[in-house]
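Undergrad: Sequence first, then the predicted structure, then my questions.
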Amino acid sequence: MKKSDVKNTAFAMPLSTPAYPRGPYRFINREFFVVAYETDLEILKQLVPEPLEVTEPIVKFEFIRMPDSTGFGDYTESGQVIPISYNGKKGTYQIAMYLDDEAPIAGGREIWGFPKKLANPSLKVINETLIGRLDYEGCQVALATMGYKYHELDTNEIYKSLMVPNYLLKIIPHVDGSPRICELVEYYLENVTVKGAWSGPAELYLTPHALAPVANLPVRKIISGTHVLTDLTLPYGKVVFDYLKN
């Protein structure tokens, strides 16, 4: 293969058979179960990088089912999201994400900088209970429960909450181990349709684990449980801050 062919063909690794196709990426019937809770503000400030600002001691623990996603297939994801502010704009920052599919792990990390690790999350309904569970290498590290569709929510308000900017810290090392890319990435969801939204009584239990330290953000008080069904598109993002240049 000529050098020009490499340059024109290269998109993702491996060169001849990339782990995922080009985007943007469309998700049909994407299902969110989110438990919002209060934690320790000082711990959050230590985990969230400047120039992002933590404004309140809130964490959103998410379980997401994605049965139909362009290029990524059928998979489940879980993780912790922090409400933040950037240049006066309210948004969210992803602390860590755990999922069960190689393609979105590779694509998420390489394109946007999603902090994804391989694990075994699940989201299902058993009788009247919505259950989210995260297992990491044989250990249960998170268990969330909520009453299934107890109260219907205003889909317009849910839509507004999904349209805020989202921020990620993208880190890719050089061949000598030093950081070659260290950037703050911003992205917005697009073509969002909220098909349904509900709330109900919710609980969240976190177990300490050395390599999946979700319990490092302890649950002090449950704020809410939310269950949402959507269609949406994940587009490419943009770099808003370069740590190696600033």
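TA: Received, thanks. Residues are numbered from 1 along each chain as shown.
Undergrad: Can you mark which positions in the helix or strand of the chain with the lowest mean pLDDT are buried?
TA: Within the chain, no helix or strand scores below helix 3-9, which has a mean of 90 by mean pLDDT, DSSP states H and E. By neighbour count with 16 or more other Cβ atoms under 10 Å, helix 3-9 contains no buried residues. Placement of C-beta: from N, CA and C, glycine included.
Undergrad: before we move on, what about stretch 216-234?
TA: Neighbour-count burial for stretch 216-234, with 16+ other Cβ under 10 Å as criterion, is recorded at 216-217, 219, 225-230, 232, 234.
Undergrad: circling back to that earlier point, continuing past the least confident helix or strand of the chain, what's the next helix or strand?
TA: strand 25-38 (DSSP states H and E).
Undergrad: if you average pLDDT over that next one, what comes out?
TA: Strand 25-38 shows a mean pLDDT of 98 in the predicted model.
Undergrad: For that strand, which strands pair with it and how are they oriented?
TA: Within its sheet, strand 25-38 is paired with strand 58-69 (antiparallel), strand 221-234 (antiparallel), according to DSSP bridges.
Undergrad: what's downstream of it, the next helix or strand?
TA: Moving toward the C-terminus from strand 25-38, the next helix or strand (DSSP H and E) is helix 41-47.
Undergrad: Can you give the contact residues for that following helix?
TA: By Cβ atoms under 8 Å, 6 or more residues apart in numbering, the surrounding residues in contact with helix 41-47 are 54, 56-57, 59, 82, 95, 216-218.
Undergrad: Convert the C-alpha atoms of it to CSV, please.
TA: Extracted C-alpha coordinates of helix 41-47, given in CSV (Å, rounded to 0.1, in the frame of the first residue of the first chain):
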residue,chain,number,x,y,z
LEU,A,41,-18.3,18.3,46.9
GLU,A,42,-14.6,18.2,47.7
ILE,A,43,-14.2,14.8,46.2
LEU,A,44,-15.9,16.0,43.0
LYS,A,45,-13.6,19.0,42.8
GLN,A,46,-10.6,16.7,42.9
LEU,A,47,-11.9,14.5,40.0
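Undergrad: All set now, cheers.
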